[in-house]
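A.B. asks: Kindly return the folded structure for what I paste below:
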Amino acid sequence: MARLPRIKRRTVGIGLVIIVLILVAAGFGFHILPAPDTLGHYIEAKTTPDNLPTLAGVSADLITPMNLPLIADFTSAPDTDYSPLTIRFFDMSRGTPDTWHWDFGDGTSSVIQNPVHQYQQPGMYNVTLLITRDNGSQRVAVRTDILGIAQPAGQQVQVDTLRQGLLKKGSSVTFLAANSSSFCTFNGVKQIIPAGSITELRVNTDDNGIISIRQGNLFRFNFTDATLFVNGTQKAQGVSGDCILPASRYFHANLTYEIIPAEGSIRQVVVGGQVVRSGIENSRILIVHESADKNADLTLVTFPAFFEGLATTFSISPAVIAGFDISQTEGPAPMNVTFRDLSAGAPESWAWDFGDGSRSNEQNPVHRYLVPGSYTVSLTASKGDQTDTRTQPDAIIALPPRLQADFSAFPLKGPVPLKVTFTDLSTGSPWEWNWNITQNVTHTNASILHDQNPVITFTDPGVYSVWLSVSNIYGTSEVFKRQYITVTNPFYRSPDLGIFIQTGKKGYITTDSCIQFVVSDAPATIGINGGYRELPKGATVLIEAQRDQSGEIYMDKGQLLKFSFPDMAVYVNGDLIAIGSIESIYIPHLTDFRTALTYYLPPASAYTKVNVNGFDVLGDLETAWIRVDNLGMDAGGNLRLTSTDNTTYLSGAANKTVHDWVVQ
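C.D. replies: Down below sits the predicted model:
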């Protein structure tokens, strides 16, 4: 560091007494804010009107303040009364420490509060201060690179750009005011700097601002968050402004300046009089200015960025520029959104803020917005010491979910008792369901169910309409399906008629044809869709045709030995167990047989023989419709039906009547 001029010992002695008095007063009277790299918060002394608890029989005084936190801090400056290797250290700790222990980094130490130390050799030293309070608590502060007499070499750099720049936190200038006309403005108030005072101006945060230095004199130091130290004591903090230093000595500037990577253009970068970069560019420019040269003039205007001065180091590196796109910017909540990183400069880490309190460190995250609203999204991309943030206000608009009522049911028709499963298909996340099922065309005076997916068994024949209303916090939606469920009662009991039909025509059982019976003996099985299922004894079995189709039935003395059709529904005790092709069936004995089989033969040019109760009722008529309702087994428990491509053979009985023959 630069050597400061000598001052008379008497003056120094008086100054030290004043400094000690100020520090003692500060310790008791007010809190001094810490330097930027120390703990920046404290606990204010407070009183309470309430009674305080008693400890060891002693009541706490209601006006006794709480202990301030113990914070170690110090600063240093060349001593003007000794050699250039002599450094004066100023204790700036808070919390009223009682003892101090200094380690000067060269193997020596001191227990004086504000020591003066003379180094034997130039160099860079790490200095440590350990402070202790009477309650035993301790804190440590460390400063690196103390002394360092050698002035680093530099080169002249000029940067003219349209991008914003920032002076980095901790950047500072120090000097010794040579007369009593020096001052700096803070928060609009002129702060007088006494002659012979060691003065430091420090930037507390990365900040926009202006600096103007000419021949070692500082004219402008305009920043929004700066601190003024005079002889190691903080004198002011806040918005700094113009400075007047008619004369100063031992001026030292230690500044780090960054031109922020952004999508923009660099007009020109000149190093040592040579243009090294110009034109459109997306780079990061970092400049370190450390100089005690009174001729190292500096002009710094950080927005739009402009730098002219001596640079200790200078670098241009690929810029990290945050950028992203969004898969979906608007839609009903809940909404899944995919974010894709488009950052330039190959960042190594990512920090997403989705605007709803959620965050992610993934490169390309997927986030679910649950609550309707407008959300601002930001991405901070980083690589090394480079960081850039892209913020997009109102990037996501999550709308209230569109509520739309809908449902399905299965089966939609069948004989009693018909068990129907209703499935809610509503969208928009409903949380309340109201079902009305009625035989009327309106849903008034109907029973209401509140399950999301109810299962209802219909025991009365009829045609039923279904109404569903769904609701949530955002509203209500309704759907009404008229005459949606058809329930039949096809089983009849009538005197048996013996029927015998033989023809070369192909015949069909009709849609909704069915048989029902009770399994009265075991083992009973059915093969459907390539699998087998055992039918328990006592089970009520219903088999229903899903369409017109041909097939085969063979019943013999109360046994069901064959019932082969390609598209049938099978119910066991009212539950639908399968729909598909029945390949085989074996029921060793059945009871309570009911039928709703309707069988018909379309007219075709083929010989047909029809016999009812032993009488020929049709003869050899070749072009007639023939239909038999409620086809069932005869009194002996027999029924045979074969319907193939070439021929139909039927024998059995109808439980009601034989349908009129229709002759064309």
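A.B. asks: Next, the contact list for the residue nearest in space to the middle of the chain, please.
C.D. replies: Against the mean C-alpha coordinate of the chain, by Cα atoms, centre = their mean, the closest residue is residue 367 at 3.6 Å. Neighbouring residues of residue 367 by Cβ atoms under 8 Å, 6 or more residues apart in numbering: 336-337, 339, 352, 354, 358, 360. No exception for glycine: its C-beta is placed from N, CA and C like everyone else's.
A.B. asks: hmm, try it at 10 Å
C.D. replies: 335-339, 352, 354-356, 358-360, 375, 377, 396 (Cβ atoms under 10 Å, 6 or more residues apart in numbering).
A.B. asks: ok, residue 92 touching residue 73?
C.D. replies: Yes: using Cβ atoms under 10 Å, residue 92 is in contact with residue 73, at 4.3 Å.
A.B. asks: about what we covered before: could you work out the most separated pair of the contacts of residue 367?
C.D. replies: Using Cβ to Cβ, these span at most 17.8 Å, a distance reached by 335 and 359.
A.B. asks: what about these two, which has more around it?
C.D. replies: Under the criterion of other Cβ atoms under 10 Å, the comparison of residue 335 against residue 359 puts residue 335 first, with 19 against 13.
A.B. asks: For residue 366, see how far away that one is.
C.D. replies: The gap separating residue 335 from residue 366 is 11 Å, by Cβ to Cβ, to the nearest Å.
A.B. asks: and the end-to-end length of stretch 380-390?
C.D. replies: Terminal residues of stretch 380-390 lie 7 Å apart, using Cα to Cα, to the nearest Å.
A.B. asks: Then stretch 274-293?
C.D. replies: OK, stretch 274-293 end separation, Cα to Cα: 22 Å.
A.B. asks: From residue 579, how far off is the residue nearest to the centre of the chain?
C.D. replies: From residue 367 to residue 579 the distance is 42 Å (Cβ to Cβ).
A.B. asks: Check residue 186 too.
C.D. replies: From residue 186 to residue 579 the distance is 87 Å (Cβ to Cβ).
A.B. asks: I'd say residue 203 and residue 171 touch.
C.D. replies: Yes: applying Cβ under 10 Å, one finds residue 203 in contact with residue 171, separated by 4.7 Å.
A.B. asks: which residues are common contacts for those two?
C.D. replies: Common neighbours of residue 203 and residue 171 (Cβ under 10 Å, 6+ apart) are 36, 209, 211, 223, 226, 255-256.
A.B. asks: Compare these and tell me which is most surrounded.
C.D. replies: Most neighbours among the shared contacts of residue 203 and residue 171, by other Cβ under 10 Å: residue 211, with 27 neighbours.
A.B. asks: close enough to count as contact, that one and residue 201?
C.D. replies: Yes: at 9.4 Å, residue 211 counts as touching residue 201 under the criterion of Cβ under 10 Å.
A.B. asks: Which of the contacts of residue 367 fall within strands?
C.D. replies: 335-339, 352, 359-360, 375, 377, 396 (DSSP state E).
A.B. asks: Just the buried residues of those residues.
C.D. replies: Those of the ones in strands among the contacts of residue 367 that meet the buried threshold are 335, 337, 339, 352, 360, 375, 377, 396, by 16 or more other Cβ atoms under 10 Å.
A.B. asks: Just list the residues touching the last one, thanks.
C.D. replies: Counting by Cβ under 10 Å, 6+ apart, residue 396 touches 326, 328-331, 333, 335, 337, 339, 354-356, 367, 369, 373-377.
A.B. asks: returning to that earlier point: from the ones in strands among the contacts of residue 367, which single one is nearest residue 529?
C.D. replies: residue 336 (37.4 Å).
A.B. asks: give me the number of residues near the closest residue to the closest one other than its chain neighbours?
C.D. replies: Spatial nearest neighbour of residue 336, chain neighbours left out: residue 368 (5.1 Å); criterion: Cβ to Cβ, 6 or more residues apart in numbering. Residues near residue 368, counting by other Cβ under 10 Å, number 13.
A.B. asks: Ok, the one 10 residues further on next?
C.D. replies: Using other Cβ under 10 Å as the criterion, residue 378 is surrounded by 18 other residues.
A.B. asks: so it touches residue 395, yeah?
C.D. replies: Yes: with contact defined as Cβ under 10 Å, residue 378 and residue 395 form a contacting pair (8.8 Å).
A.B. asks: Mutual contacts of the two, please.
C.D. replies: In contact with both residue 378 and residue 395: 324, 354-355, using Cβ under 10 Å, 6+ apart.
A.B. asks: Specify which member of those residues is nearest to residue 650.
C.D. replies: residue 354 (72.1 Å).
A.B. asks: how much space between that closest one and residue 348?
C.D. replies: According to Cβ to Cβ, residue 354 and residue 348 sit 21 Å apart.
A.B. asks: which of those two has more neighbours?
C.D. replies: Neighbour comparison, residue 354 and residue 348: the larger count goes to residue 354, with 20 against 12 (by other Cβ under 10 Å).
A.B. asks: For that one, list the residues it contacts.
C.D. replies: So residue 354 contacts 337, 339, 360, 365, 367-369, 375-378, 395-396 (Cβ under 10 Å, 6+ apart).
A.B. asks: Max pairwise distance over these: which two?
C.D. replies: Largest separation among the contacts of residue 354 by Cβ to Cβ: 368 and 378, giving 18.1 Å.
A.B. asks: and residue 186 and residue 579? which has more neighbours close in?
C.D. replies: Taking neighbours as other Cβ under 10 Å, residue 186 and residue 579 compare with residue 186 leading, 20 against 15.
A.B. asks: Residues in a beta bridge with that one, which ones?
C.D. replies: residue 189, residue 240 (DSSP bridges).
A.B. asks: From residue 207, how far off is it?
C.D. replies: From residue 186 across to residue 207, the span is 14 Å (Cβ to Cβ).
A.B. asks: residues contacting residue 576?
C.D. replies: By Cβ under 10 Å, 6+ apart, residue 576 lies in contact with 410-411, 414, 418-421, 542, 544, 569-570.
A.B. asks: before we move on, which element is it in?
C.D. replies: Using DSSP states H and E, residue 576 sits within strand 575-586.
A.B. asks: Output that strand as CSV, nothing but the C-alphas.
C.D. replies: Output in CSV follows, covering the C-alpha atoms of strand 575-586 (Å, rounded to 0.1, in the frame of the first residue of the first chain):
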residue,chain,number,x,y,z
ASP,A,575,-72.3,-58.5,-12.1
LEU,A,576,-71.0,-58.2,-15.6
ILE,A,577,-68.0,-60.6,-15.8
ALA,A,578,-67.2,-60.6,-19.5
ILE,A,579,-68.2,-59.6,-23.0
GLY,A,580,-67.1,-61.6,-26.0
SER,A,581,-67.1,-64.9,-27.7
ILE,A,582,-68.4,-67.9,-25.8
GLU,A,583,-66.5,-71.0,-27.0
SER,A,584,-67.8,-73.5,-24.5
ILE,A,585,-70.1,-74.0,-21.6
TYR,A,586,-71.0,-76.9,-19.2
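A.B. asks: This structure - how does it break down into domains?
C.D. replies: When the chain is parsed with automatic domain parsing, its domains come out as 9-45+64-147, 155-318, 324-399, 407-488, 497-663.
A.B. asks: End to end on stretch 503-512, go ahead and measure it.
C.D. replies: Rule used - Cα to Cα; the end-to-end distance of stretch 503-512 is 24 Å.
A.B. asks: Show me which positions of that stretch end up buried.
C.D. replies: Neighbour-count burial for stretch 503-512 [16+ other Cβ under 10 Å]: 503, 505-510, 512.
A.B. asks: Sort out for me which of the residues you listed are in helices.
C.D. replies: Within the buried residues of stretch 503-512, no residue falls in helices by DSSP state H.
A.B. asks: tell me the secondary structure for the closest residue to residue 180 other than its chain neighbours?
C.D. replies: Once flanking residues are discounted, residue 180 sits nearest to residue 195: 4.5 Å by Cβ to Cβ, 6+ apart. With DSSP: H, G, I helix; E, B strand; the rest coil as the basis, residue 195 sits in coil.
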